[in-house]
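> model this:
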Amino acid sequence: MHISVEGLTKRYRGRTVLDGVTFAAGPGVTGLLGPNGAGKTTLLRILATVLAPDGGRVRLGGRDPATPSGRLEVRRRLGYLPQEPGFHRSLTVFEFVDYIAILKEMTDRRARHDEVRRVIELVGLDRERSKKISRLSGGMRRRTGLAQALLGNPDVVILDEPTAGLDPEQRMRFRDLISRVGEDCAVLLSTHQTEDVAALCHRVVALVGGRTLFDGTPEDLTGLAEGRIWHSDRRSPGATLSWRTGDGRYRNIGTPPPDAELAEPSIEDAYLLLTGDTEATSTRSAA
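Here you go, the predicted model:
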């Protein structure tokens, strides 16, 4: 299933949250990269049919969620992990995932329980399936949320900040799970962690201030910073951003001086440069 977004707009109390967002995503893992407040969660809630846009067009697998029939078909083929899943903490892992399976119209009890056990095992919680959610660690709760999103082998999986708050080991496990899921369907992964994008995504969409600033491969995004990263022994006054690294030298982002010692850019450099340029442009426009 493909995701197509054209000219999407959304306003809250007179404030524009999404301003003409346009992109497409197909099979594999697509990263939706942006800072807090960029509009990522609002966009994902619209794609998950939780919210309706004010303007623009959305298609998931060619279906239009703006129509009742299209919305029903999208929901049947969609897996969604919101940023705050809203667990029923008194339920066990099995009971919670089974409850979501019932909401997804899995009416045959034996087949439904087989599917619940399958996704619980897939996310590595088979031994914890009888534990109450209130007794799980944060990482286990995120895996429980991912399990319910994978019920029924959805065509599209939407994940809102799935690695937020996880320690490095938990984050690596999540990356492994998500990469395997992306082998069989379209995954849209929202994050502000550039390392998640670099590790997982074959495509990245950068959303800043409610607008699509970039749509391409991680390599293409990194290329935006080519020739704009340099090392120096002291903080460069002309840099957009500059920080002291572990070896005592400074890494600078911006427009380098003629004699600068250029450095190999990273996806984080390009992202910082992209958001920094946007903020500088907004400041100049407001002046």
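
> you'd agree Gly223 is up against Ile267?
No: using C-beta atoms under 8 Å, Gly223 is not in contact with Ile267; the gap is 9.9 Å. In short, each C-beta sits where N, CA and C put it, glycine included.

> these two: which is more packed in?
Ile267 (23 against 14; other C-beta atoms under 10 Å).

> now for the more buried one: which residues touch it?
194, 197-198, 218, 221-222 (C-beta atoms under 8 Å, 6 or more residues apart in numbering).

> the helices in this structure, which residues?
40-47, 68-76, 93-103, 109-122, 138-149, 168-181, 194-200, 218-223, 267-286 (DSSP state H).

> shaky segments in the stretch 101-250 of the chain?
By pLDDT under 70, the stretch 101-250 of the chain has no low-scoring segment.

> measure Gln83 to Leu43 for me?
12 Å (C-beta to C-beta, to the nearest Å).

> who's more crowded, the two?
A side-by-side neighbour count of Gln83 and Leu43, using other C-beta under 10 Å, places Leu43 first with 30 against 15.

> pretty sure the more buried one sits against Ala25.
No: using C-beta under 8 Å, Leu43 is not in contact with Ala25; the gap is 11.6 Å.

> the residue lying closest to Arg211 once chain neighbours are set aside bridge partners, please.
Nearest residue to Arg211, sequence neighbours excluded (C-beta to C-beta, 6 or more residues apart in numbering): Asp19, at 5.1 Å. Asp19 has these beta-bridge partners by DSSP bridges: Thr9.

> ok, Asp19 touching Gly7?
No: with contact defined as C-beta under 8 Å, Asp19 does not count as touching Gly7 (9.5 Å).

> perfect, I'm done here.
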